[in-house]
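Student: show me how the following folds:
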Amino acid sequence: IILVGKTGTGKSATGNTILGQKRFHSEASPEEVTTGCSRESVEQGGRIISVIDMPGFSGSLTKEVMKTHIEQCVELCVPGPHVFLLVINLDARFTREEVNTVKLIQENFGENAVRFIIVLFTRSDQLEKKTLQRFVGESLNLRKLTDSCGGRYHAFNNKDMRNRSQVTELLEKIDRMIQENGGTHYTNDMFEKAQEKIKIKEMKKKALDVALGVGSVIGTGTAIAGGVVLGVTEAVVAPAGWIQTEACVIQ
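Tutor: Alright, predicted model coming up:
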């Protein structure tokens, strides 16, 4: 089980609730408490339940740091996780940023990752007499979010860790999702393909930057730079007088 979500949504507390023990450091803080990926496991019902707590997605994190966290996370759950729990604070204002979290997961783990996502709302005690289904149905953005994850969602009250029924119900939903996925889990191969797409996207951006940066220079410089950035070994290089570039070309 990989816990993902924004900073301050209660990921670590959710991990402790699933495990039935306080294994992850959890406290109320405006800053990220979890600074690196960590894994904890317990035996429940004759099987090992492993939970990986990731640092929260934050606009302050650079792509390099985020990539490092994701790689650490993947290494901790070889051969691959069965579920990504997208943790959202039910008591907080729901914004488009939360909706974009699914897109962020897809960008880093691949489009297939949505098959393995369950949305988990924390602070379920704030629902009072309202059902979770009604709460989700009252928000267009929430409906879009849960629909994009196959309509799978659950709620926790992390203040009541002794309520094991909420954990049992979550594990049952995870088991059903695994069956729907043909008994498979998210694999390292899926992750590697997702990372390859990211590299190609970055290479294209660099190629465009090169074209914009040296586009005014006519001659071998542009061809060489473009070939190096794109990894093209067959780049044709000719003397400056032979080539007149009249239009932008991207490869």
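
Student: and stretch 83-92, what's buried?
Tutor: 83-90 (16 or more other C-beta atoms under 10 Å). Using the backbone N, CA and C atoms, a C-beta is placed for each residue, glycine as well.

Student: try stretch 141-150
Tutor: By neighbour count on 16+ other C-beta under 10 Å, the buried set for stretch 141-150 is 142, 145-146, 149-150.

Student: once you drop chain neighbours, what's closest to the most centrally placed residue in the chain?
Tutor: Nearest to the geometric centre of the chain sits residue 105, at 2.5 Å (C-alpha atoms, centre = their mean). For residue 105, ignoring the flanking residues on the chain, the nearest one in space by C-beta to C-beta, 6 or more residues apart in numbering is residue 113 at 5.3 Å.

Student: you'd agree the one you found is up against residue 186?
Tutor: Yes: with contacts counted by C-beta atoms under 8 Å, residue 113 reaches residue 186, the gap being 6.5 Å.

Student: find the residues that touch each one of those two.
Tutor: Common contact partners of residue 113 and residue 186 (C-beta atoms under 8 Å, 6 or more residues apart in numbering): residue 84.

Student: mind giving me the packing neighbours of the top helix by length along the chain?
Tutor: With secondary structure taken from DSSP state H, the chain has its longest helix at helix 188-214. Helix 188-214 sits against helix 96-109, helix 220-230, with contacts defined as 3 or more C-beta pairs under 8 Å, 6 or more residues apart in numbering; DSSP states H and E.

Student: least confident of these, on average?
Tutor: The minimum mean pLDDT among those belongs to helix 220-230 (a mean of 48).

Student: let me know the helix or strand that residue 50 is in.
Tutor: strand 47-53 (DSSP states H and E).
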